[in-house]
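>>> Quick one: sequence and predicted model below, then my questions.
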Amino acid sequence: MAKIKHKQIVKELKHPDQFVDFWTHAWQRIVAVMAPRQKPAIAVGVALAVAVVGASIINYWEGSRHLEGARTLSRIQEIANADLLSDSADSKDEPVRKGDAPRFKTPLERQSAVVKEVDQFLSAGAPGALKAQALILKGAALLASARNDDALVAYQAALDGRLDPRLNFLAHEGQGYAYEAKGDLDKALLAFGKLEGDAAAFRGFYEDRALYHKARLTELKGDKAGAVGVYKQILVKVPETGLKDEISDRLASIEAK
(Lines give C-alpha, C1' and ligand atoms only; values in the text may rest on other atoms or scores of the structure.)
Protein backbone atom coordinates (compact mmCIF):
# COMPACT_ATOMS: atom_id res chain seq x y z
CA MET A 1 0.00 0.00 0.00
CA ALA A 2 1.39 3.38 -0.97
CA LYS A 3 2.22 5.66 1.93
CA ILE A 4 -0.36 8.38 2.43
CA LYS A 5 1.30 11.71 3.06
CA HIS A 6 0.12 14.08 5.78
CA LYS A 7 -0.37 17.04 3.41
CA GLN A 8 -2.34 14.88 0.99
CA ILE A 9 -4.74 13.86 3.76
CA VAL A 10 -5.33 17.46 4.86
CA LYS A 11 -6.03 18.44 1.26
CA GLU A 12 -8.49 15.61 0.70
CA LEU A 13 -10.35 16.06 3.97
CA LYS A 14 -11.89 19.42 3.17
CA HIS A 15 -14.65 18.91 5.73
CA PRO A 16 -14.44 17.19 9.15
CA ASP A 17 -17.39 14.93 8.38
CA GLN A 18 -15.30 13.16 5.73
CA PHE A 19 -13.13 11.76 8.50
CA VAL A 20 -15.15 8.61 9.21
CA ASP A 21 -15.56 7.35 5.66
CA PHE A 22 -11.98 8.12 4.61
CA TRP A 23 -10.28 6.41 7.54
CA THR A 24 -12.80 3.59 7.81
CA HIS A 25 -12.11 2.56 4.21
CA ALA A 26 -8.36 2.88 4.73
CA TRP A 27 -8.48 0.75 7.89
CA GLN A 28 -10.69 -1.89 6.26
CA ARG A 29 -8.15 -2.30 3.46
CA ILE A 30 -5.42 -2.90 6.02
CA VAL A 31 -7.48 -5.31 8.14
CA ALA A 32 -8.21 -7.35 5.01
CA VAL A 33 -4.52 -8.20 4.62
CA MET A 34 -3.46 -8.27 8.27
CA ALA A 35 -2.84 -11.77 9.62
CA PRO A 36 -4.60 -12.31 12.98
CA ARG A 37 -1.74 -14.58 14.09
CA GLN A 38 0.70 -11.70 14.08
CA LYS A 39 2.07 -10.59 17.42
CA PRO A 40 -0.26 -8.17 19.22
CA ALA A 41 2.24 -5.34 18.95
CA ILE A 42 2.25 -5.65 15.17
CA ALA A 43 -1.53 -5.66 14.97
CA VAL A 44 -1.81 -2.61 17.21
CA GLY A 45 0.95 -0.86 15.27
CA VAL A 46 -0.90 -1.33 12.01
CA ALA A 47 -4.05 0.10 13.55
CA LEU A 48 -2.22 3.11 14.86
CA ALA A 49 -0.60 3.81 11.53
CA VAL A 50 -4.05 4.64 10.19
CA ALA A 51 -6.31 5.59 13.06
CA VAL A 52 -4.15 7.76 15.32
CA VAL A 53 -2.52 9.86 12.64
CA GLY A 54 -5.84 10.08 10.80
CA ALA A 55 -7.74 11.19 13.88
CA SER A 56 -5.17 13.88 14.51
CA ILE A 57 -5.95 15.51 11.20
CA ILE A 58 -9.45 16.45 12.30
CA ASN A 59 -7.87 18.86 14.77
CA TYR A 60 -6.65 20.87 11.77
CA TRP A 61 -9.88 22.80 12.00
CA GLU A 62 -9.37 23.66 15.67
CA GLY A 63 -6.39 25.98 15.30
CA SER A 64 -2.66 26.09 14.77
CA ARG A 65 -1.81 24.68 18.20
CA HIS A 66 -3.74 21.53 17.43
CA LEU A 67 -2.22 21.30 13.97
CA GLU A 68 1.26 21.49 15.44
CA GLY A 69 0.29 18.78 17.91
CA ALA A 70 -1.03 16.64 15.08
CA ARG A 71 2.27 17.05 13.27
CA THR A 72 4.11 15.94 16.40
CA LEU A 73 1.93 12.84 16.69
CA SER A 74 2.50 12.10 13.02
CA ARG A 75 6.25 12.32 13.61
CA ILE A 76 6.02 9.97 16.60
CA GLN A 77 4.06 7.53 14.46
CA GLU A 78 6.85 7.63 11.88
CA ILE A 79 9.28 6.67 14.64
CA ALA A 80 6.98 3.81 15.70
CA ASN A 81 6.99 2.50 12.12
CA ALA A 82 10.65 3.22 11.40
CA ASP A 83 12.67 0.51 9.70
CA LEU A 84 15.34 -1.26 11.71
CA LEU A 85 18.96 -1.04 10.70
CA SER A 86 20.19 -4.13 8.93
CA ASP A 87 22.39 -6.67 10.67
CA SER A 88 25.22 -6.12 8.21
CA ALA A 89 28.62 -5.21 9.58
CA ASP A 90 28.50 -1.76 7.98
CA SER A 91 24.94 -0.98 9.10
CA LYS A 92 26.20 1.93 11.17
CA ASP A 93 27.24 3.59 7.92
CA GLU A 94 23.82 3.29 6.32
CA PRO A 95 22.66 6.71 5.11
CA VAL A 96 19.59 8.32 6.63
CA ARG A 97 17.93 10.66 4.16
CA LYS A 98 16.93 14.15 5.30
CA GLY A 99 13.45 14.11 6.73
CA ASP A 100 13.40 10.38 7.42
CA ALA A 101 12.51 9.04 10.85
CA PRO A 102 15.51 7.72 12.77
CA ARG A 103 16.20 4.02 12.54
CA PHE A 104 17.00 1.66 15.39
CA LYS A 105 18.97 -1.51 16.00
CA THR A 106 16.18 -3.39 17.80
CA PRO A 107 12.39 -3.20 18.17
CA LEU A 108 12.84 -2.53 21.89
CA GLU A 109 15.07 0.47 21.15
CA ARG A 110 12.44 1.78 18.75
CA GLN A 111 9.59 1.37 21.24
CA SER A 112 11.62 3.04 23.99
CA ALA A 113 12.10 6.01 21.67
CA VAL A 114 8.34 6.20 21.11
CA VAL A 115 7.63 6.20 24.85
CA LYS A 116 10.23 8.93 25.37
CA GLU A 117 8.80 11.10 22.59
CA VAL A 118 5.24 10.70 23.87
CA ASP A 119 6.27 11.57 27.43
CA GLN A 120 7.96 14.73 26.15
CA PHE A 121 4.86 15.61 24.15
CA LEU A 122 2.63 15.13 27.20
CA SER A 123 4.92 17.08 29.53
CA ALA A 124 4.91 19.99 27.07
CA GLY A 125 1.17 20.36 27.62
CA ALA A 126 -0.45 18.53 24.73
CA PRO A 127 -4.05 19.62 23.98
CA GLY A 128 -6.63 17.36 25.66
CA ALA A 129 -7.83 15.41 22.63
CA LEU A 130 -4.29 14.91 21.31
CA LYS A 131 -3.10 13.89 24.77
CA ALA A 132 -5.50 10.95 24.72
CA GLN A 133 -4.30 9.91 21.26
CA ALA A 134 -0.68 10.17 22.42
CA LEU A 135 -1.52 7.83 25.29
CA ILE A 136 -2.76 5.28 22.75
CA LEU A 137 0.61 5.48 21.02
CA LYS A 138 2.37 5.06 24.35
CA GLY A 139 0.20 2.09 25.27
CA ALA A 140 1.05 0.36 22.00
CA ALA A 141 4.78 0.93 22.51
CA LEU A 142 4.62 -0.36 26.07
CA LEU A 143 2.65 -3.41 24.93
CA ALA A 144 5.26 -4.11 22.25
CA SER A 145 7.91 -3.93 24.98
CA ALA A 146 6.05 -6.48 27.13
CA ARG A 147 5.40 -3.81 29.76
CA ASN A 148 1.83 -4.99 30.07
CA ASP A 149 0.86 -3.32 33.36
CA ASP A 150 2.17 0.04 32.17
CA ALA A 151 0.34 -0.43 28.86
CA LEU A 152 -2.92 -1.04 30.72
CA VAL A 153 -2.45 2.21 32.64
CA ALA A 154 -1.80 4.17 29.43
CA TYR A 155 -4.81 2.72 27.63
CA GLN A 156 -7.12 3.41 30.58
CA ALA A 157 -5.82 6.97 30.84
CA ALA A 158 -6.65 7.45 27.16
CA LEU A 159 -10.19 6.14 27.70
CA ASP A 160 -10.61 8.39 30.74
CA GLY A 161 -9.39 11.37 28.75
CA ARG A 162 -10.78 13.07 25.68
CA LEU A 163 -10.21 10.15 23.35
CA ASP A 164 -12.29 10.33 20.19
CA PRO A 165 -14.97 7.62 20.72
CA ARG A 166 -14.18 6.33 17.24
CA LEU A 167 -10.77 5.29 18.57
CA ASN A 168 -12.00 3.46 21.67
CA PHE A 169 -11.51 0.16 19.87
CA LEU A 170 -7.74 0.73 19.85
CA ALA A 171 -7.62 1.10 23.64
CA HIS A 172 -9.96 -1.84 24.27
CA GLU A 173 -8.05 -4.13 21.92
CA GLY A 174 -4.76 -3.05 23.48
CA GLN A 175 -6.11 -3.82 26.94
CA GLY A 176 -7.27 -7.22 25.74
CA TYR A 177 -3.83 -8.09 24.39
CA ALA A 178 -2.16 -6.86 27.59
CA TYR A 179 -4.37 -8.98 29.83
CA GLU A 180 -3.88 -11.96 27.53
CA ALA A 181 -0.09 -11.54 27.73
CA LYS A 182 -0.41 -11.50 31.54
CA GLY A 183 -2.30 -14.78 31.37
CA ASP A 184 -5.56 -13.29 32.68
CA LEU A 185 -7.93 -14.67 30.05
CA ASP A 186 -11.08 -13.65 31.91
CA LYS A 187 -10.13 -9.97 31.91
CA ALA A 188 -8.84 -10.27 28.36
CA LEU A 189 -12.21 -11.64 27.27
CA LEU A 190 -14.00 -8.75 28.99
CA ALA A 191 -11.73 -6.19 27.31
CA PHE A 192 -12.10 -7.74 23.87
CA GLY A 193 -15.83 -8.00 24.51
CA LYS A 194 -16.05 -4.20 24.59
CA LEU A 195 -15.05 -4.22 20.93
CA GLU A 196 -18.55 -5.43 20.07
CA GLY A 197 -19.99 -2.24 21.53
CA ASP A 198 -17.38 -0.21 19.66
CA ALA A 199 -18.36 -1.98 16.44
CA ALA A 200 -22.06 -1.29 17.02
CA ALA A 201 -21.35 2.41 17.51
CA PHE A 202 -19.26 2.33 14.36
CA ARG A 203 -22.10 0.85 12.26
CA GLY A 204 -20.56 -2.62 12.20
CA PHE A 205 -16.98 -1.62 11.45
CA TYR A 206 -14.57 -4.05 13.17
CA GLU A 207 -17.40 -6.40 14.11
CA ASP A 208 -15.70 -9.44 12.57
CA ARG A 209 -12.48 -8.85 14.50
CA ALA A 210 -14.41 -8.23 17.72
CA LEU A 211 -16.09 -11.61 17.33
CA TYR A 212 -12.83 -13.24 16.27
CA HIS A 213 -11.21 -12.23 19.57
CA LYS A 214 -14.23 -13.59 21.43
CA ALA A 215 -13.95 -16.92 19.62
CA ARG A 216 -10.19 -17.09 20.05
CA LEU A 217 -10.32 -16.42 23.81
CA THR A 218 -13.23 -18.82 24.24
CA GLU A 219 -11.11 -21.48 22.54
CA LEU A 220 -8.10 -20.70 24.73
CA LYS A 221 -10.29 -21.09 27.83
CA GLY A 222 -11.11 -24.62 26.68
CA ASP A 223 -14.66 -24.12 25.43
CA LYS A 224 -14.20 -25.61 21.95
CA ALA A 225 -17.92 -25.89 21.21
CA GLY A 226 -18.53 -22.29 22.21
CA ALA A 227 -15.60 -21.14 20.06
CA VAL A 228 -16.93 -23.03 17.03
CA GLY A 229 -20.28 -21.31 17.44
CA VAL A 230 -18.71 -17.84 17.45
CA TYR A 231 -16.40 -18.61 14.52
CA LYS A 232 -19.39 -19.71 12.46
CA GLN A 233 -21.33 -16.66 13.61
CA ILE A 234 -18.66 -14.44 12.06
CA LEU A 235 -19.01 -16.14 8.68
CA VAL A 236 -22.78 -15.59 8.80
CA LYS A 237 -22.78 -11.99 10.04
CA VAL A 238 -19.77 -10.79 8.05
CA PRO A 239 -19.50 -13.14 5.03
CA GLU A 240 -16.91 -10.91 3.32
CA THR A 241 -14.59 -10.85 6.34
CA GLY A 242 -10.89 -10.77 5.66
CA LEU A 243 -10.49 -13.30 8.47
CA LYS A 244 -12.21 -16.09 6.53
CA ASP A 245 -9.06 -18.16 5.95
CA GLU A 246 -7.99 -17.92 9.59
CA ILE A 247 -11.46 -18.88 10.79
CA SER A 248 -11.55 -21.87 8.44
CA ASP A 249 -8.15 -22.99 9.76
CA ARG A 250 -9.30 -22.72 13.37
CA LEU A 251 -12.51 -24.64 12.67
CA ALA A 252 -10.57 -27.38 10.89
CA SER A 253 -8.09 -27.59 13.76
CA ILE A 254 -10.81 -27.88 16.41
CA GLU A 255 -12.79 -30.46 14.48
CA ALA A 256 -9.64 -32.55 13.91
CA LYS A 257 -9.07 -32.94 17.66
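Happy to help now that I have it.
>>> who are the neighbours in contact with residue 151?
139, 140, 142, 143, 174, 175, 178 (C-beta atoms under 8 Å, 6 or more residues apart in numbering). In short, each C-beta sits where N, CA and C put it, glycine included.
>>> and it, that one's in a helix?
Yes - assessed with DSSP: H, G, I helix; E, B strand; the rest coil, residue 151 lies in a helix.
>>> for the contacts of residue 151, which one is nearest residue 152?
Distance to residue 152, by C-beta to C-beta, is smallest for residue 178 among those, at 5.0 Å.
>>> Check the secondary structure at the closest one for me.
Reduced to three states by three-state DSSP, residue 178 is helix.
>>> List the contacts of it.
By C-beta under 8 Å, 6+ apart, the neighbours of residue 178 are 143, 148, 149, 151, 152, 155.
>>> again, but for residue 159
So residue 159 contacts 168, 171, 172 (C-beta under 8 Å, 6+ apart).
>>> which of those residues has the weakest pLDDT?
Lowest in pLDDT among these is residue 168, which has 89.
>>> Report how many residues lie close to that residue.
For residue 168, the number of neighbouring residues by other C-beta atoms under 10 Å comes to 19.
>>> try residue 227
21.
>>> possible to save the contacts of residue 159 as CSV with distance to residue 80 and secondary structure?
Listed next are the contacts of residue 159 as CSV, based on distance: C-beta to C-beta, whole Å; DSSP: H, G, I helix; E, B strand; the rest coil:
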residue, distance to residue 80, secondary structure
168, 20, helix
171, 16, helix
172, 20, helix
